[in-house]
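[1] model this:
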Amino acid sequence: TTVAVRTIIRPRSNGELGIAARYIDAHSEFDGLDPIFFTRADTLDSADSETAAIRAWARLGVDPETPFAILVEGQYLASDNRNFNAGTPLNRTDGDRFRVAGQLEYRAEIGGTGHVLIAAVDREDESFSARDQQFFGATSQDRARGRTAFVGEWRARWSGLLATDIAIRHDDFSRFEDATTIRATAIANLTDRLSVTGAYGKGIAQPTFFDLFGFFPGSFVGNSALRPERSMGYELGIQWRSESYSLSVTAFQSELEDEIVSVFDPVTFLSSTANATGVSDRRGVEIAASVEPLEGLRLDANYTWLDADDQQVAGGVQLREVRRPRHSANIAFDYRSGPLMIGGSVAWVGEREDTDFDLFPAQTVTLDDYFLASLRIGYSITERIELYGRATNLFDEEYQDVVGFRTPGAAFHAGLRLRLGS
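    Numbering: from 1, shown residues only. Predicted coordinates for the structure are as follows:
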């Protein structure tokens, strides 16, 4: 069950107040692990979960022609997960995240060039608690962490020939070493139809609470000494566009250091997590195209070739990264005519490798390729009332993204959307 509400009020032409909230109540049944051999088994596992999220914001300077813009926002998310086996409680986890942020934006036109300067601060606090009945409280724990980020950004439009964007971010972590990252992009318009694009960036990703502190007696123990993952990447592309179609080709490459990987101790039979000492490389090419053959109809398509290598030990052999398809593609359409809107897409995911730990010793297996289709439709009964429906995995495709674990089948949703205010 999902309930969502979004309201925006504009008390004046250049400002707005907004609030958005979502609540999800879900029940799932799945196969777990054999309690003796810790291999996949036909069990009576189930889970109940509740997730609630709310975001509120105030913005001044909605009109892009005004010199200043201010944004203040707050977010709160809470989740509650309860796991059962044959109706018997096993464990329970609760988590919440609170975030407050502010952003100041200055816009100026100087000598035929346009500039936007942005300064932002972002504070986030997370907490996690676990309680279990299965192991008599052995996995029970309470954890918390926080992060404060400072961001500075400069966007510039140098006449109609060149546009640039440079951003620097500094993260002050409560558990990890502070980090500073950068992102830079540029678009050069060689002609009215032809453009060249480039981008460079660095980023970091914190370990999850489970990576750090997860604990299942006799099976898994987290690693509190983990470091955040660090990535660096760049891309170079070319775009051609006209009034009715566009085409782009982009080449990209990235490197991932301190990748968080799963490890297994053959002596204790315990699984854990660790930072890889090697470097994972990813490189590829993406081709994208769009066309509007008829009024109201738009077609989009893209194809990606990816070569992803994983090196868990520095100086070791680089192996093909698991669960990363070498080939993937998407095609989508959108059609609007009066009160009617129809859209759909088909995604193709090519073959990829995974590791099956149910086999001893663990072996590399190949996951089959698959197609996923979706469809959505909307009909505006009035200017404020819309009837809508959507379908995911339209043809009930059976596929796996992780060996041994099936994914959701076909799902159909319908509803009524009401718009209030102007």
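[2] Mind naming the longest strand for this structure?
    The longest strand of the chain (DSSP state E) is strand 88-110.
[3] What residues of that one count as buried?
    90-96, 99, 101, 103, 105, 107 (16 or more other CB atoms under 10 Å). (C-beta placed from N, C-alpha, C; glycine too.)
[4] what's the answer for stretch 152-159, then?
    By neighbour count on 16+ other CB under 10 Å, the buried set for stretch 152-159 is 153, 155-157.
[5] With stretch 303-319 instead?
    The neighbour-count criterion (16+ other CB under 10 Å) identifies 304-306, 308-312 as the buried residues of stretch 303-319.
[6] Tell me which of those residues has the lowest pLDDT.
    Within the set of the buried residues of stretch 303-319, pLDDT is lowest for Gln312 (82).
[7] Report the secondary structure state of that one.
    Using DSSP: H, G, I helix; E, B strand; the rest coil, the structure places Gln312 in coil.
[8] and it, what does it touch?
    By CB atoms under 8 Å, 6 or more residues apart in numbering, the residues touching Gln312 are 259, 261, 276-278.
[9] Kindly recompute the last result at 10 Å.
    When contacts are counted by CB atoms under 10 Å, 6 or more residues apart in numbering, Gln312 touches 259, 261-263, 274-280, 318-319.
[10] Now it: closest residue in space that isn't a chain neighbour?
    Spatially, and ignoring its direct neighbours in sequence, Gln312 is nearest to Ala276 (4.4 Å; CB to CB, 6 or more residues apart in numbering).
[11] ok, now Ala86?
    Nearest one to Ala86, counting by CB to CB, 6+ apart, is Leu44 at 4.2 Å.
[12] And the lowest mean pLDDT element among the helices and strands of this protein?
    In the chain, no helix or strand scores lower on mean pLDDT, DSSP states H and E than strand 215-216, which sits at a mean of 72.
[13] can you count the residues close to the spatially closest residue to Arg406 that is not a sequence neighbour?
    Residue nearest to Arg406 in three dimensions, not counting chain neighbours: Gln400, with 6.2 Å by CB to CB, 6+ apart. For Gln400, the neighbour count with other CB atoms under 10 Å is 15.
[14] doesn't Asp369 make contact with Gln400?
    No. Gln400 is beyond contact range of Asp369, at 11.1 Å (criterion: CB atoms under 10 Å).
[15] quick one on the thing from earlier: the longest strand of the chain pairs with which strands, parallel or anti?
    Strand 88-110 has its sheet partners listed here by DSSP bridges as strand 68-85 (antiparallel), strand 113-132 (antiparallel).
[16] Dump the C-alpha coordinates for the shortest one into PDB.
    Taking Å, rounded to 0.1, in the frame of the first residue of the first chain, the C-alpha atoms of strand 68-85 are listed here in PDB:
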ATOM      1  CA  PHE A  68      19.000  36.100  -6.100                       C
ATOM      2  CA  ALA A  69      17.400  32.800  -5.100                       C
ATOM      3  CA  ILE A  70      17.200  31.100  -1.700                       C
ATOM      4  CA  LEU A  71      16.200  27.600  -0.900                       C
ATOM      5  CA  VAL A  72      15.700  26.100   2.600                       C
ATOM      6  CA  GLU A  73      14.500  22.500   3.000                       C
ATOM      7  CA  GLY A  74      14.200  19.700   5.500                       C
ATOM      8  CA  GLN A  75      13.700  15.900   5.000                       C
ATOM      9  CA  TYR A  76      12.900  13.000   7.300                       C
ATOM     10  CA  LEU A  77      12.700   9.300   6.500                       C
ATOM     11  CA  ALA A  78      11.900   6.500   8.900                       C
ATOM     12  CA  SER A  79      11.800   2.800   8.100                       C
ATOM     13  CA  ASP A  80      10.800  -0.300  10.100                       C
ATOM     14  CA  ASN A  81      11.500  -3.900   8.900                       C
ATOM     15  CA  ARG A  82      10.300  -7.000  10.700                       C
ATOM     16  CA  ASN A  83      11.400 -10.500   9.500                       C
ATOM     17  CA  PHE A  84       9.600 -13.800  10.200                       C
ATOM     18  CA  ASN A  85       9.900 -17.500   9.500                       C
END
